[in-house]
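**Q** One predicted model, sequence on top.
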Amino acid sequence: MFLKRPFWLSLRRNNINIWDQLLFFTPFALIHIIVYAMPKSPLEKTVENGISFLSKVFPLKTYLYFPLLNATLFWAIRKAQEWKEEIFSWKVWLDPDRIETKPDEFVLNFFENHTDLNRIYESEIRERDWAALREAFARLYPILGLGDPFLSALFHEEIESENYRKIVSGFEERVNQAEKDIETLEGQSGLLKGLKTFADQMLSLNLDLISQDKVQTVLAGLIKKHFEEKDE
Amino acid sequence: MAGVQCNYRTSGLIILFFISLFSSSACVSHLKKAKFHYAQGQEHSRRYHTEKSISSYKRALQEAEIVVSKHPSSQGYMLKGMAELNLEFWKEAEESFRNAHSYGFEEGEEWAQQLSLLGLASSMEALGIEDSSFRIYGYLLDKSKLKPVTIVAAQKYTDAMLRKALHLDGKERKKQLSSVLKEVQKLSDKDLSCGFYHYLQSQVYSHLADYRKSFEGALMGKELGLPTEEILRDNDLQIIFCYQNLKEELSSEEWEEFRARYSEWIKKWKWKGPETPDWKKER
């Protein structure tokens, strides 16, 4: 806490007698002691807890601390009714998929440029059996082309043994079964829990008594101060 | 591109965090929980975390089922349908979206109404009712002013048109492809900064065997950012496909010029080689 070098020390000049220096620096020294030696306020402690939590989750992503804590704060100082309104108006969307329909040349290129597929599907390639090639492409492109991590793990054995035809024939059944077997995840990630704790602590400080802008300014100052102290 | 991905990551974390607060207090509703789990499912899906996304969509479905059993509403059914759509329960999804429409949408819920319509069309398409779904995509593409709706409608419309074109020959095929290209170009002209529209153009040009333009579209898509990891990888493979075809097609002088520019791009993207993107394992 006292390690911070006070800015007013940089004002020090030579050739001034010791009493003049003492008279000049005393007010600055007092202010410094008040600011840095005062017991920390509950707000300061809460912010430090928040930073300490985030530094465990994202040790190298300090740029995220302010947006995350600020956003938590933004919601924490809102009243329950406003929360509810936000929740009901919160929009959800569908994400687009990739374009699955590829030209014949693309499908052929996929088989010809893969050493194993080129060998295994030699007759289909030679005869331009588009029905068979397209069926196999639909199953194998996500795995061998796009490297889908879920499907690659699911068909790990077949990939290792280069049994690509088995992947194609058992694809639907195996994927459907795997999807059925996946249980819903109970509980939330550590990040969400940590931020919730921060929000709860903020709420307990009755922050709605002061304006959001003021609290934001205080928060930004506290985060900045935290890193300045850490740097020294 | 790294910046764009970083933005996706940051915005993802912020969304997750907002959601965390939604799920915290006594005023939590099942509708809120359903939205929370649905959004989480989307986040996981964008990053190619299939197991986690399925798990979250299942959770969203459970919550939405509670909502519609206790207090049936258009939004409740819409969310149920969206979760079912992502879990590929097509019939159930179709029914949910029909129910959502039967309850009617309130003022300010146009987004939910259009999304329900889009979901209905998607489930109908999966069930083989292609003509009706196709008409809905066309309608939304034309009328919707909501970008997320237009983007999905454009993708569905383009894929359906390309599928149709595959069954046509010669002039008919070219006519069909030109028509879909025109539609996608219109979208791109309205919103040049949307990487996904450039990706769509690149895919259509690939069907027209115009690999130079397809390459340009894919390049624009990559540089402007694409919505999911899967699409980004598909786009990278399109870039490589164009590279391989242009190698055969261009004169030696043109090829040298193209290759020099291509080398600059792959250096920027930190690819392992001209045909090996950063995410691809070397064989």
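**A** That came through, no problem.

**Q** With adjacent residues omitted, what lies nearest to residue 132?
**A** Since you didn't name a chain, this refers to chain A. A:Glu124 (4.7 Å; CB to CB, 6 or more residues apart in numbering or on different chains). Heads up, the C-betas are built off the backbone N, CA and C, glycines and all.

**Q** could you do chain B instead?
**A** Sequence neighbours aside, B:Met124 is the residue nearest to B:Ser132 in space, at 5.7 Å (criterion: CB to CB, 6+ apart).

**Q** Helix or strand next in line after the helix or strand of chain A with the lowest mean pLDDT, which one?
**A** Within chain A, no helix or strand scores below helix A:80-89, which has a mean of 45 by mean pLDDT, DSSP states H and E. Next in sequence after helix A:80-89, counting helices and strands by DSSP states H and E, comes helix A:104-112.

**Q** where along chain A do the helices fall?
**A** Using DSSP state H, the helices assigned to chain A run over residues A:18-37, A:42-57, A:65-76, A:80-89, A:104-112, A:115-120, A:122-127, A:130-140, A:149-154, A:156-160, A:164-181, A:190-204, A:212-231.

**Q** repeat for the stretch 151-283 of chain B
**A** Assigned by DSSP state H, counting those that start in this stretch, the stretch 151-283 of chain B shows helices spanning B:170-190, B:195-207, B:211-224, B:229-249, B:252-269.

**Q** Now render those as CSV, adding distance to B:Ser144 and mean pLDDT.
**A** Supplementary listing: these in CSV, determined by distance: least, CB to CB, whole Å; pLDDT from 0 to 100:
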stretch, distance to B:Ser144, mean pLDDT
helix B:170-190, 11, 93
helix B:195-207, 14, 97
helix B:211-224, 21, 96
helix B:229-249, 20, 96
helix B:252-269, 33, 95
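
**Q** hey, which of those helices is tucked in deepest?
**A** Among those, helix B:195-207 has the highest mean neighbour count (mean count of other CB atoms under 10 Å in any protein chain shown), at a mean of 26.

**Q** Show me what it is in contact with.
**A** Contacts to helix B:195-207, defined as CB atoms under 8 Å, 6 or more residues apart in numbering or on different chains, come from residues A:96, A:99, A:102-103, A:106, B:151, B:154-155, B:158, B:162, B:165, B:177, B:180-181, B:184-185, B:187-188, B:191, B:211, B:213-218, B:220-227, B:231, B:235, B:238, B:241-242.

**Q** B:Leu208 - nearest residue in space that isn't next to it in sequence?
**A** Nearest non-adjacent residue to B:Leu208, counting by CB to CB, 6+ apart: B:Leu177, 5.4 Å away.

**Q** try A:Arg174
**A** Here the residue nearest A:Arg174, using CB to CB, 6+ apart, is A:Leu154, at 6.3 Å.

**Q** Can you identify the element that follows whatever helix or strand B:Glu63 lives in toward the C-terminus?
**A** Using DSSP H and E, B:Glu63 maps to helix B:50-70. Counting by DSSP H and E, the next helix or strand C-terminal to helix B:50-70 is helix B:74-86.

**Q** Wondering if that next one reaches chain A at all.
**A** Yes. Applying CB under 8 Å from any CB of the partner chain, one finds helix B:74-86 in contact with chain A at B:75, B:79, B:82, B:85.

**Q** other SSEs contacting that helix?
**A** Using 3 or more CB pairs under 8 Å, 6 or more residues apart in numbering or on different chains; DSSP states H and E as the contact test, the elements touching helix B:74-86 are helix B:30-46, helix B:50-70, helix B:90-103, helix B:110-126.

**Q** A:Phe150: which of the ones you listed is closest?
**A** Among the helices and strands packed on helix B:74-86, the nearest to A:Phe150 by CB to CB is helix B:50-70 (3.3 Å).

**Q** Does the closest one reach chain A?
**A** Yes. For a cut-off given as CB under 8 Å from any CB, helix B:50-70 has contacts with chain A, namely B:50-52, B:54-56, B:58-59, B:62.

**Q** That helix to helix B:90-103, inter-axis angle?
**A** Calculated by axes from the mean of the first three to the mean of the last three CA atoms, to 10 degrees, helix B:50-70 forms an angle of 40 degrees with helix B:90-103.

**Q** In helix B:50-70, which residues are buried?
**A** Using 16 or more other CB atoms under 10 Å in any protein chain shown as the test for burial, helix B:50-70 gives B:50-68.

**Q** Check stretch A:144-164 too.
**A** A:144-148, A:150-151, A:154-155, A:158-159, A:164.

**Q** out of the residues you listed, what pair is the most spread apart?
**A** Pairwise over these, using CB to CB, the maximum falls at A:Phe150 and A:Tyr164, 17.6 Å.

**Q** Close to chain A: what parts of the stretch 101-250 of chain B are there?
**A** By the rule CB under 8 Å from any CB, the part of the stretch 101-250 of chain B lying against chain A is B:108, B:111-112, B:115, B:118-119, B:122, B:148-149, B:151-152, B:154-155, B:158-159, B:162-163, B:166, B:196, B:199-200, B:203, B:206-207, B:209, B:227-228, B:230-231, B:233-234, B:237, B:241, B:244-245.

**Q** ok, 7 Å please
**A** Counting by CB under 7 Å from any CB of the partner chain, the residues of the stretch 101-250 of chain B close to chain A are B:111, B:115, B:118-119, B:148, B:151-152, B:155, B:158-159, B:162-163, B:166, B:196, B:200, B:203, B:206-207, B:209, B:227-228, B:230-231, B:233-234, B:237, B:241, B:244.

**Q** one step back: make sure the residue nearest to A:Arg174 is actually in contact with A:Glu179.
**A** No. The pair A:Leu154 / A:Glu179 is not scored as a contact, 10.0 Å apart, by CB atoms under 7 Å.

**Q** mean confidence for the helix holding B:Glu63?
**A** Average pLDDT, helix B:50-70: 90.

**Q** Can you name every helix or strand that it contacts?
**A** On a contact count with 3 or more CB pairs under 7 Å, 6 or more residues apart in numbering or on different chains; DSSP states H and E, helix B:50-70 meets helix B:30-46, helix B:74-86.

**Q** got the contact list for the shortest one?
**A** The set of residues external to helix B:74-86 that reach it, using CB atoms under 7 Å, 6 or more residues apart in numbering or on different chains, is A:92, A:94, B:31, B:34-35, B:38, B:41, B:57, B:60-61, B:64-65, B:67-68, B:92-93, B:96-97, B:99-100, B:103-105, B:109, B:112, B:115-116, B:119, B:122-123.

**Q** List only those of those residues flagged as buried.
**A** A:92, A:94, B:31, B:34-35, B:38, B:41, B:57, B:60-61, B:64-65, B:67-68, B:92-93, B:96-97, B:99-100, B:105, B:109, B:112, B:115-116, B:119, B:122-123.

**Q** B:Tyr211 contacts B:Tyr243, correct?
**A** No. At 8.6 Å, B:Tyr211 does not count as touching B:Tyr243 under the criterion of CB under 7 Å.
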